[in-house]
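> Just the structure for this:
(3 chains)
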Amino acid sequence: MPAVSLRGITKRFPGAVANDDVDFDAAEGEVHALLGENGAGKSTLSNILTGLYRPDEGEIRLYGEPVEFRSPRDALDAGICMVHQHFRLVPTFTVAENVLLGDHRDEGRRFFVRPRNIERRVAELGERYDIAVDPRARVWQLSLGEQQRVEILKALYREARILILDEPTAVLTPQESESLFATMRTMAAEGRTVIFISHKLHEVQAVADRVTVLRGGKTVATLDAAGTTPHSLAALMVGREVNLARPEAGATAELGPPVLELDDVWAVADRGGDAVRGVTLVVHSGEIVAVAGVAGNGQRELAETVTGMRPPARGTIVVGARALRGGDPREAIRAGVAHVPEDRLHTGVAPSLSIGSNVVLKAYRERHLGRGPLLHSAAVRHQAKKLILRFDVKAAGPHVPARQLSGGNLQKVVLGREFSGNPRVLVAASPTRGLDVAATEAVHRYLREGAAEGMGILLIGEDLDEILALADRIVVMYEGELVGEIDAATATAADVGLLMAGGTPA
Amino acid sequence: MNNSILVVVLASAVTYGTPLAFAALGELLTERSGVLNLGVEGMMLVGAVMGFWAVQHVPGSGPFALCVAVAVAALAGGTMALIHSFLVITLRANQIVSGLALTIFAGAGGLSSYLGGVLNLADAPARHQFNAFLPAGLRHAQIVGPILFDQTALVYVSWVFVALAMLYLTRTRLGLNVRAVGESPEAADAMGINVTAYRYAHTIAGGALAGIGGAAFSLAITPQWVDGLTEGAGWIAIALVIFAFWRPGLCLLGAYFFGAFAGLPFTLQSRGVTIVPELFQALPYVMTVLALVLVSSAGARRHLGAPSALGIPHVREER
Amino acid sequence: MSFPLRIERRLQQPRWLSVAVPLVSVVVAFGAMTVLLLATGHSPGHTFGRLFHSAFVGRSSLNATFVAATPLAFTGLCAAVAFRMNLFNIGGEGQLYAGAITGAGTALLLHGAPGPVAIFGMIVAGAAGGAAFALVPGLLRAFLSTNEIIVSLMLNYVAGLVLTYLIFDSRSYWRDTSSPDALVFPQGKTLPDASSWPTAHIGLIVPLGFLVAVVIAVLVHVLYTRTRFGFEVRVIGDSPRAARYAGMRTRRKIIAVMALSGAIAGIGGASQDGDFRHVLDPRGLTQSGYGYSGIVIAALARYNPFAVCVVAFLLGGLQNAGYTLQGADFPSGLVGVMQGLILFCALGGELLVRYRITVDRRSSRRSPAPAEVAP
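Take a look at the predicted model:
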């Protein structure tokens, strides 16, 4: 009898089916890996298991008994604990206090808090599972790896029988990952069930007993880890009909001069540590270079470094012939770097301001839009109307607040604006995320046109279809470094997927 | 000895610092839950006026009437805080504007003046007032007598409250929860803690304590009702919380510190030492600004800092 | 908390709502006031009638209302200018005092100069004083990310104490040390006649200060809606992240806006000297609370400069009436209560403008809003 059994789980959201008749089993004493690309349905499934979402159809059984979770509390009480990617810790509290905060049973019900007891227990648990942390340390003082240990300790303290870890190694060094795997095996050996969500293939091999692969919301396979190879797993994760739809590129087009040159660029992550490690890359005029990689491997930070929103710790960035100091968006903009950001609503536009205002968000200083200190609203409106027309934005007029636009129309506004400065380099981060098919096609078309007009495009994302369809050259980013370069003409989805997941191609 | 400047100043520091201590303690609790309440002055005044009214009308012995009066003051302050809570927690209004509105509504020239006039409270002194009550021997003891023992019951109650607050925040489950709410409401919410309930409770409690602080004026220090009696003590209390780095013990010491600074120049003057009183009076405010700068610098923020979520409404899902 | 009500952000803010809500707030406030008056034995009709009469009926009432409204317009504009960019400058009070000090000082220095020179000097000095004072929280916020709310609040007290010091506890330039009497009863030097600000006689007597405030309102409106500076302010106020993305220099804006905000309050202080008091008057200034009222006015006016002038006029009327009617037979504290009630209702109504309350019929399902966006 499996510890956890999900049968026929279906969960729908407006516009997508996140989980489609998913079956999933995990046994006691097992480390079970849940594998899949972003958007495959892993997080939805785990949210269902932890009581955050309720399935539209299907059944959950724990140890053979059917259960229903009405809230996360129910799942917690049933012994299911999850360690999220973004930790749920209070930074100024000590480890012991954080462990206590999450406890709803016994010790936690007492009126008085006796840190000593908890500290002792936390220390014991730390010893036993080899995840020792000083119970008196304040969380903000701990490294990410140590913070993760606190999350695990919380679960162990609560005597969780089923633990779900969501991309746990994203914040760990290789050594820390090894240590984590040992801990997972210890927990499994005691009869707990450890479900481990990941996209990194070698890890699956290192620690899992069985693997379930999800793709497009469906279960593709459930296998014993022993019999798999990174290739076979990658193929399962990615293997759908990839429609390359590349327009036949006459002869290999002449590459123009380099417009963006990165040389050994390093950048620091928000939470410490290096997000970008020694990236060296050249983008030529007229070229579309895609940086593929699963979210969290440094692409966002790379985009921010190139566009001046993040200062480089080391290395040089040259745009056209000009070396940038870095860390200054205005400098990058002046040098001719355009940026279509990942978060279009909160970074790419001022959401409450009109389309017109957003169209001139960067261009408002230009002479044709006003004289001296004044900004001519008529000129702004005119520019906005031109853009709306040219990019076929469905909006009542330039006065409409940006937040009212649909994703696709908003992205058109952003793209149109970025194009209008005739940039040398365009950094586009996940440009079609959340867009429907029509909008996606439109965006792709604009990008290709831009390249044809001489722009160098740095396309950053994880959508393999898009990358294969647009890119001339593909580089893969993994754990902050560029791990492989593939000529798009000969690339296959499986190859790229493998690199993205940390494997090495044959 | 007991007449020396030092002793006199310290003794008056304790006396004048007590209303500050109550109000600041209240604001501390409120801010610990993540809510900024700038309406303390108004709450103190409403507490003062209602406490005074109670003491004028409650029959029975002195101590009984005074207890009831203090309770009424607390109730009055808490009710004002309820308005603020509703506006900023449930309706997610701007906390600064709401607090200021409350000060205007309830403070001098507002509800407290209105009630003072309508209830004819300015006519007579308090029927009962808090007096020093410990045995004379203790009160006249060398040095410590005037400072520690020649004080009213409210002073001792304030010590008890401060101790309870310290215990509450560091040693109880509820205190742990409220600290989580003020630091990281998302984490608290995810842990099943009811952020809204905690914020309401602590804001109202803060108002109640402010009300008691106001009563300390109208029932002990100037046992009379005068319009605008507190003369800005509420604002000092707000500064005090920051100055004390949100810790109850330091709050008490800070209150006495501020109390001393306020009274020192006049004591000195009466001894013939002329100093500029405004300089002394300004010092606490300047020091608060410095403390704030210290607290804001990125590194220190974690160590000493304000509850991280202070002033930001908690919304579970905001587009 | 699982209420069946869901509060979600409105996609569009209909214009009519922006006007209707403040109006309804006023009505509701009046309603609450009526209840309070009845409960304490006053006649609402009689009281409101007297208030209205004292505030707005007849020349002398209106003139007095202008007097009361002038400082409020300045501090209201001061707050509006800053709050529009999410800079919570609550130091308008102290910045006004600073302007009063520099304005009075300049008037005294320019003794003998002709009227227009003295007045112009006062305005400039007032602006400079207020701006300089506002730069303390401004610079701290721009460079050290220090919370400007508390800093500006604390400085209000420091400014008040400086003001008191200059007249009551020192032999400063501002203090009248001419006669033995003056040494015992401290007061400021009377400002030269030439520095008295003129009034406009257009049937009503409108102080120069009020006209200056209106001009400032126009300038602020133009600045914020038609210039590049104003564009940046709007973007930063809406989304600091987008502003940074667009390469805007946020720090400089913070400093500039704080300085502007303080300058406006400072001119208000100079106006107090030149229009009304003709002397540096610590007691009068510190007891009036113009700065705090200004914030309330700005909030009610939803930070629109023209609305600020209108609301300042209305609230000035209320304050003027309250002051005039003060006495045994008129409830004291009425003004504060009314102002507070109006503001409470406006704050509450604000919610309705920004958010929409819907009934969640799917209470059997637990699907939080983030789920509405496909993962």
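
> Below-threshold pLDDT in the chain: ranges please.
You didn't pick a chain, so chain A it is. A:15, A:38-39, A:102, A:104-110, A:239-254, A:271, A:505-506 (pLDDT under 70).

> try again with chain B
Applying pLDDT under 70 to chain B flags the ranges B:1-2, B:266, B:297-306, B:311-319.

> Where does the stretch 201-350 of chain A get nearest to chain C, which residue?
Per Cβ to the nearest Cβ, A:Arg330 is where the stretch 201-350 of chain A lies closest to chain C, at 3.2 Å. C-beta: built from backbone N, CA, C; applies to glycine.

> list the contacts for that residue?
A:Gly308, C:Gly247, C:Met248, C:Arg249 (Cβ atoms under 8 Å, 6 or more residues apart in numbering or on different chains).

> Would you mind giving the residues you listed as CSV with distance to B:Ala220 and neighbour count added?
Putting the contacts of A:Arg330 into CSV (distance: Cβ to Cβ, whole Å; neighbours: other Cβ atoms under 10 Å in any protein chain shown) gives the following:
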residue, distance to B:Ala220, neighbour count
A:Gly308, 61, 26
C:Gly247, 60, 19
C:Met248, 55, 23
C:Arg249, 54, 15
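
> count of neighbours near the residue in the stretch 1-150 of chain A that chain C sits nearest to?
Residue nearest to chain C within the stretch 1-150 of chain A: A:Ala16 (4.2 Å; Cβ to the nearest Cβ). The tally of other residues near A:Ala16 (other Cβ atoms under 10 Å in any protein chain shown) stands at 17.

> Any idea what it is bridged to?
A:Phe13 (DSSP bridges).

> Tell me how far it lies from A:Val291.
Using Cβ to Cβ, to the nearest Å, one gets 26 Å for the distance from A:Ala16 to A:Val291.

> Same question for A:Gly480.
Distance of A:Gly480 to A:Val291, given as Cβ to Cβ: 12 Å.

> of those two, who's got more company?
In this view A:Gly480 and A:Val291 are compared by other Cβ under 10 Å, and A:Val291 has more residues nearby, 26 against 22.

> and that one, backbone torsions?
Backbone geometry at A:Val291, expressed as degrees, to the nearest 10, gives phi -110, psi 100.

> show me what contacts it?
Going by Cβ under 8 Å, 6+ apart, A:Val291 touches A:Leu281, A:Gln299, A:Leu302, A:Leu458, A:Leu459, A:Ile460, A:Gly461, A:Val475, A:Val476, A:Met477, A:Leu482.

> Isn't the first one up against A:Ala290?
Looking back up the chat, that one is A:Leu281. No - at 11.1 Å, A:Leu281 does not count as touching A:Ala290 under the criterion of Cβ atoms under 8 Å.

> Neighbour count: those two, which is higher?
Just comparing A:Leu281 and A:Ala290: by other Cβ under 10 Å the higher neighbour count belongs to A:Ala290, 28 against 19.

> Just say helix, strand or coil for that one.
strand (DSSP: H, G, I helix; E, B strand; the rest coil).

> Go ahead and confirm it touches A:Ile474.
Yes - A:Ala290 lies in contact with A:Ile474 (Cβ under 8 Å); the separation is 4.9 Å.

> what residues are shared contacts of the two?
Residues touching both A:Ala290 and A:Ile474 by Cβ under 8 Å, 6+ apart: A:Ile467, A:Ala488.

> ranges for the strands of the stretch 201-350 of chain C?
Along the stretch 201-350 of chain C, counting by DSSP state E, counting those that start in this stretch, strands occupy C:204-207.

> ok and the residue in it nearest chain B?
Residue of the stretch 201-350 of chain C nearest chain B, by Cβ to the nearest Cβ: C:Gly340 (2.2 Å).

> Would you check that that residue makes contact with B:Leu102?
Yes - the pair C:Gly340 and B:Leu102 passes the contact test of Cβ under 8 Å, sitting 6.8 Å apart.

> Break chain A into its domains for me.
The record's domain parsing of chain A by automatic domain parsing lists A:1-79+A:161-240, A:88-159, A:258-500.

> Quick check: which of those is nearest to B:Pro284?
Among these, the nearest to B:Pro284 by Cβ to Cβ is domain A:88-159 (26.3 Å).

> what distance separates the start and the end of that closest one?
One end of domain A:88-159 to the other measures 18 Å (Cα to Cα, to the nearest Å).

> Any idea how far it is from the middle of the chain?
Mean-position distance between domain A:88-159 and its chain equals 28 Å (Cα atoms, centre = their mean, to the nearest Å).

> To which secondary structure element is the residue of the stretch 201-350 of chain A closest to chain C assigned?
Taking DSSP states H and E as the criterion, A:Arg330 maps to helix A:329-335.

> can you check A:Glu59 too?
For A:Glu59, the element it lies in under DSSP H and E is strand A:57-62.

> for that strand, which positions count as buried?
Using 16 or more other Cβ atoms under 10 Å in any protein chain shown as the test for burial, strand A:57-62 gives A:Gly58, A:Ile60, A:Arg61, A:Leu62.

> Over to stretch A:201-214?
For stretch A:201-214, a neighbour-count test (16+ other Cβ under 10 Å) marks A:201, A:203-214 as buried.

> which residues touch that stretch?
Residues outside stretch A:201-214 that contact it (Cβ under 8 Å, 6+ apart) are A:22, A:24, A:26, A:30-36, A:40-42, A:45, A:169, A:177, A:181, A:184-185, A:188, A:196, A:198, A:219-225, A:228, A:230, A:233-234, A:236-237, A:498, A:501-503.

> Show only the entries of the residues you listed found in helices.
Counting by DSSP state H, the contacts of stretch A:201-214 place A:42, A:45, A:177, A:181, A:184-185, A:188, A:230, A:233-234, A:236-237, A:498 in helices.

> tell me the SS of A:Ala18?
Under three-state DSSP, A:Ala18 falls in the strand class.

> Centre-most residue in chain B?
Taking Cα atoms, centre = their mean, the centroid of chain B lies closest to B:Ala23, which sits 0.7 Å from it.

> In contact with that residue, which residues are there?
Applying Cβ under 8 Å, 6+ apart, we find B:Ala23 in contact with B:Val40, B:Met43, B:Met44, B:Leu209, B:Ala210, B:Gly213, B:Gly214, B:Ala233, B:Gly234, B:Ala237.

> Which residue is the nearest non-sequential neighbour of the second one?
Think B:Met43. Nearest non-adjacent residue to B:Met43, counting by Cβ to Cβ, 6 or more residues apart in numbering or on different chains: B:Ala210, 3.9 Å away.

> In a strand, A:Gly484, correct?
Yes - counting by three-state DSSP, A:Gly484 is found in a strand.

> neighbours of B:Ser61, just the number please.
Using other Cβ under 10 Å, B:Ser61 has 10 other residues around it.

> Over to A:Glu453?
By other Cβ under 10 Å, the residues close to A:Glu453 number 11.

> for it, phi and psi?
Dihedral angles of A:Glu453 (phi, psi; degrees, to the nearest 10) stand at phi -80, psi 0.

> again with the one 10 residues further on
When quoted as degrees, to the nearest 10, the phi and psi of A:Asp463 stand at phi -90, psi 100.

> who's in contact with the nearest residue in space to it that is not next to it in sequence?
Nearest non-adjacent residue to A:Asp463, counting by Cβ to Cβ, 6+ apart: A:Thr432, 6.8 Å away. A:Thr432 makes contact with A:Gln411, A:Ala439, A:Thr440, A:Val443, A:His444, A:Asp463, A:Glu466 under the criterion Cβ under 8 Å, 6+ apart.

> For the stretch 151-300 of chain A, just list every one of the strands.
A:162-166, A:193-198, A:210-215, A:218-224, A:258-268, A:274-284, A:288-292.

> quick one: B:Pro307 is in a helix?
No - using three-state DSSP, the secondary structure at B:Pro307 is coil, not a helix.

> doesn't B:Gly182 make contact with it?
Yes - counting by Cβ under 8 Å, B:Gly182 is a contact partner of B:Pro307 at 3.3 Å.
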